[in-house]
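Novice: have a look at this fold, sequence not included:
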């Protein structure tokens, strides 16, 4: 049975706004109920419109929000245009005025980072996690076949060629050989520990992965399919990314 709620919007801009409205409501509610919030932020081209709308949303006291992130390349300095730390500083942390953040340093001591940030991440529950779905079905940088069993909060993983080529196609790197072959990624089991998951997936190039993840077998070969096992996940699509879905696949039963 399909577990996530699915919302299909007209385009990536209305998708980003709708997902941001949802995230803002959840953040306000969490802050009101418990005084602080822990979130995990995603990066990549799919998150542009969403993060732009979210950081403009009113009524969120970002000083009480603590941020972790899903993944980071190994060996890439924070000054590189493709650095996810750079991305988050520019598109979320500085724009929102967030002061509590734990970013993954894959350029210095990635193994030490995995231990340090992982320990901090597991010290308290994550309230809301934002994610996307890769063209190869990856969730964070868990490429197929993903490990659904490992309990470590962060892993050092090998990136497959399809994942690396996506980074070139999105303009982050000029050629495949420039894309790092390893990354730090939040594990699948850790992602599923989040109280709520909001997934933002625009564009035609994601349509095949969306169909496979939502209608195919739940399998490590299509890592994001595991989201169907989460009790509080919402997947935001536009008409392009939803184009291959079977008729009637719009909301969970």
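Specialist: Ah, there it is. Please read all numbers here as calculations on a predicted model, not as lab measurements.
Novice: gap between the helix or strand of the chain with the lowest mean pLDDT and the chain center?
Specialist: Using mean pLDDT, DSSP states H and E, helix 161-169 stands out as the lowest-scoring helix or strand of the chain, at a mean of 93. Centroid displacement of helix 161-169 relative to its chain, using CA atoms, centre = their mean, to the nearest Å, is 17 Å.
Novice: swap in stretch 211-230?
Specialist: 15 Å.
Novice: now do that stretch: everything it contacts.
Specialist: 2-4, 6, 131, 133-134, 137-139, 142-148, 188, 192, 194, 197, 199, 209, 233, 235, 244-246, 249 (CB atoms under 8 Å, 6 or more residues apart in numbering). Glycine gets a C-beta too; all of them are placed from N, C-alpha and C.
Novice: can you rerun that using 7 Å?
Specialist: 2-4, 133, 137-139, 142, 144-146, 148, 188, 192, 197, 199, 233, 235, 244-246, 249 (CB atoms under 7 Å, 6 or more residues apart in numbering).
Novice: which parts of that stretch count as buried, going by neighbours?
Specialist: Neighbour-count burial for stretch 211-230 flags 211-214, 219-220, 222-228, 230 (criterion: 16 or more other CB atoms under 10 Å).
Novice: out of these, which are inside strands?
Specialist: Per DSSP state E, strands hold no members of these.
Novice: for the residue minimising distance to the centre of the chain, which residues count as its bridge partners?
Specialist: Centroid-nearest residue in the chain: residue 131, 2.1 Å away (criterion: CA atoms, centre = their mean). Taking DSSP bridges as the rule, residue 131 bridges to residue 199.
Novice: if I look at it, how far off is residue 32?
Specialist: Using CB to CB, to the nearest Å, residue 131 is found at 24 Å from residue 32.
Novice: and residue 58, how many neighbours?
Specialist: For residue 58, the count of nearby residues is 6 (other CB atoms under 10 Å).
Novice: I figured residue 42 hits residue 133, correct?
Specialist: No. Taking contacts as CB atoms under 7 Å, residue 42 lies outside contact range of residue 133: 10.0 Å.
Novice: so residue 26, which of the three states?
Specialist: helix (DSSP: H, G, I helix; E, B strand; the rest coil).
Novice: which non-adjacent residue is nearest residue 44?
Specialist: Among residues not flanking residue 44 along the chain, residue 132 sits closest, at 5.7 Å (CB to CB, 6 or more residues apart in numbering).
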